[in-house]
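Q: Quick one: sequence plus predicted model below, questions after.
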Amino acid sequence: MLPRLFSLSNITATTRLHGYRAFSSKVAPKNYAFAFDIDGVLIKGKRTIPEAKRAIRMLNGDNAHGRHVPFVLLTNGGGVTEQAKAEQISNMLDVEISPDQVILSHSPMQALVEQYKNKNVLVVGGKDRECFHVAKKYGFNHVFIPDDIHHWQASVWPFRHPSRDSISPDAASLDFSKIPFGAVMVFHDSRDWGRDIQIMLDAICAENGVVGTQKGDCKVQEVPVYFSNTDIIWSTEFPVPRLAQGSFKMALENVYHTLTGTNLQSTSYGKPYPTTYAYAERVIERINDGKKPSRIYAVGDNPAADIKGANNYGWTSVLVRTGVFQEPGNSPHFPAHSVCQHVEEAVEWVLQQEEDKEKKA
């Protein structure tokens, strides 16, 4: 069963807001829509991919037919609130992006709030305490991060000193030997693989989830583990891809299996998992004035995540060569319906496909 999807406020935008071009959903509902990956498609690190601005302007009506086409940003990135990501992309693309158009890797994990709202959860990953604040905003009441535990006992990871700047005032006086963790949730990429793997294992292998204890039989896993995405690599400004959360997951699984002789049980979100696409469809339906489009075009740069997920869910996939994938031809393992040099070419291809369909209708 898919998790319950949360209601979304209506998109309201007209001509220009806060100095940006505004996306407007106040047009006739469309029978198709776009879902864009962000890193490697629209931006690379702190740099905007040049064709991205023109591509979004085309969807905003700046095309030969004056079409306004609904779109969302569907990314395996995260570590911030949807509001913060929308503001960042708005600044970079000079387009007003609503938070309701932004689907981060951990956005569908809001469905876990009902189960863990009043339980202690260990939230891993991200910069400083940003993921702590994301989890609290979602509705998790008792959130802790590895920095809190490291500050409690420096010997948890003796290879570096914990930063006092990263400690929560609420956690500063806590004795974690008396706090049972109900779940471990990886919201974003770890900044310290060694320490975070150690602390996650401390919680997973603990008696009743209490760090500093150890079960007699670690083969029985009682503390659930959740990952917001399983990307092995991702694209930045560096000329070759970087290791991502999926690589961290593999490292944790390998160590866990070596120590216990059993496989780590976990639940994953993000692309290519269907839960994320079901969530995205609900978002698209909302911004399309309540109408579910017949066709959704997913534009991405990572065949193993963007293209595999879109194909499996029945969307039309478009692979671009501005990120992870830069090879000639199509992906041999996860071929897309179309391959384009960049996102502007991808949008042009889709608009032409749709115009041709309309003429034949």
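A: Right, received. Where do you want to start? Since this is a predicted model, take the numbers as computed values, not measurements.
Q: can you tell me which helix in the chain is longest?
A: Longest helix in the chain by number of residues (criterion: DSSP state H): helix 343-360.
Q: For it, the averaged confidence score.
A: Across helix 343-360, pLDDT averages out at 91.
Q: Buried residues, it. List them.
A: 343-351, 353-354 (16 or more other C-beta atoms under 10 Å). All C-beta atoms are positioned from the backbone trio N, CA, C, and that covers glycine.
Q: what sits up against it?
A: 32, 34, 36, 41-42, 49, 51-52, 54-55, 58-59, 63, 65, 67, 69, 297, 299, 316, 318, 320, 322, 338, 340 (C-beta atoms under 8 Å, 6 or more residues apart in numbering).
Q: how about a cut-off of 7 Å?
A: 32, 36, 41-42, 49, 51-52, 54-55, 58-59, 63, 65, 67, 297, 299, 318, 320, 338, 340 (C-beta atoms under 7 Å, 6 or more residues apart in numbering).
Q: tell me the domain boundaries of this structure?
A: Dividing the chain into domains by automatic domain parsing, as the record does, gives the ranges 16-104+276-360, 107-268.
Q: From one end of the shortest one to the other, what's the distance?
A: This points to domain 107-268. Its start and end residues considered, domain 107-268 measures 12 Å (C-alpha to C-alpha, to the nearest Å).
Q: so how far is it from its chain's centroid?
A: 17 Å (C-alpha atoms, centre = their mean, to the nearest Å).
Q: Quick check: mean pLDDT of it?
A: If you average the pLDDT over domain 107-268, you get 94.
Q: Please tell me how far the residue most central in space within the chain sits from Cys131.
A: The centroid of the chain falls nearest to Ser105 when counting by C-alpha atoms, centre = their mean (1.7 Å). Relative to Cys131, Ser105 is positioned 11 Å away (C-beta to C-beta, to the nearest Å).
Q: most packed of the domains of the chain?
A: Mean neighbour count (mean count of other C-beta atoms under 10 Å) peaks for domain 16-104+276-360 among these, with a mean of 20.
Q: so Trp152 touches Ser177, yeah?
A: No: with contact defined as C-beta atoms under 7 Å, Trp152 does not reach Ser177; the gap is 8.5 Å.
Q: List just the nearest of the buried residues of helix 343-360 to Val186.
A: Nearest to Val186 among the buried residues of helix 343-360 is Val343, at 28.5 Å by C-beta to C-beta.
Q: The residue nearest to the closest one when sequence neighbours are not counted: which element?
A: Spatial nearest neighbour of Val343, excluding adjacent residues (C-beta to C-beta, 6 or more residues apart in numbering): Ala55 at 4.5 Å. Element membership for Ala55, per DSSP states H and E: helix 50-59.
Q: Distance from that helix to the middle of the chain?
A: Worked out by C-alpha atoms, centre = their mean, helix 50-59 lies 22 Å from the chain centre.
Q: Can you name every helix or strand that that helix contacts?
A: helix 82-93, helix 343-360 (3 or more C-beta pairs under 7 Å, 6 or more residues apart in numbering; DSSP states H and E).
Q: now the ones you listed as TSV including distance to Pro332?
A: Formatted as TSV, the helices and strands packed on helix 50-59 follow (distance: least, C-beta to C-beta, whole Å):
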stretch	distance to Pro332
helix 82-93	31
helix 343-360	20
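Q: Not counting sequence-adjacent ones, nearest residue to Ser177?
A: Gly212 (4.8 Å).
Q: likewise Met58?
A: Val347 (5.2 Å).
Q: What of Val69?
A: Nearest one to Val69, counting by C-beta to C-beta, 6+ apart, is Leu59 at 4.5 Å.
Q: The one you found contacts Gly66, doesn't it?
A: No: contact criterion C-beta under 7 Å: Leu59 and Gly66 do not qualify, at 11.5 Å.
Q: ok so, going back, identify, from the buried residues of helix 343-360, the entry nearest to Pro272.
A: Of these, the one sitting nearest to Pro272 (C-beta to C-beta) turns out to be Ala346, at 18.7 Å.
Q: Report the separation between Asp289 and Lys30.
A: Distance of Asp289 to Lys30, computed by C-beta to C-beta: 9 Å.
Q: Check Ser235 too.
A: Where Lys30 is concerned, Ser235 sits at a distance of 29 Å (C-beta to C-beta).
Q: Over to Pro293?
A: Counting by C-beta to C-beta, the gap from Pro293 to Lys30 is 6 Å.
Q: do Ala183 as well
A: Counting by C-beta to C-beta, the gap from Ala183 to Lys30 is 39 Å.
Q: what do you get for Arg295?
A: Distance from Arg295 to Lys30, by C-beta to C-beta: 9 Å.
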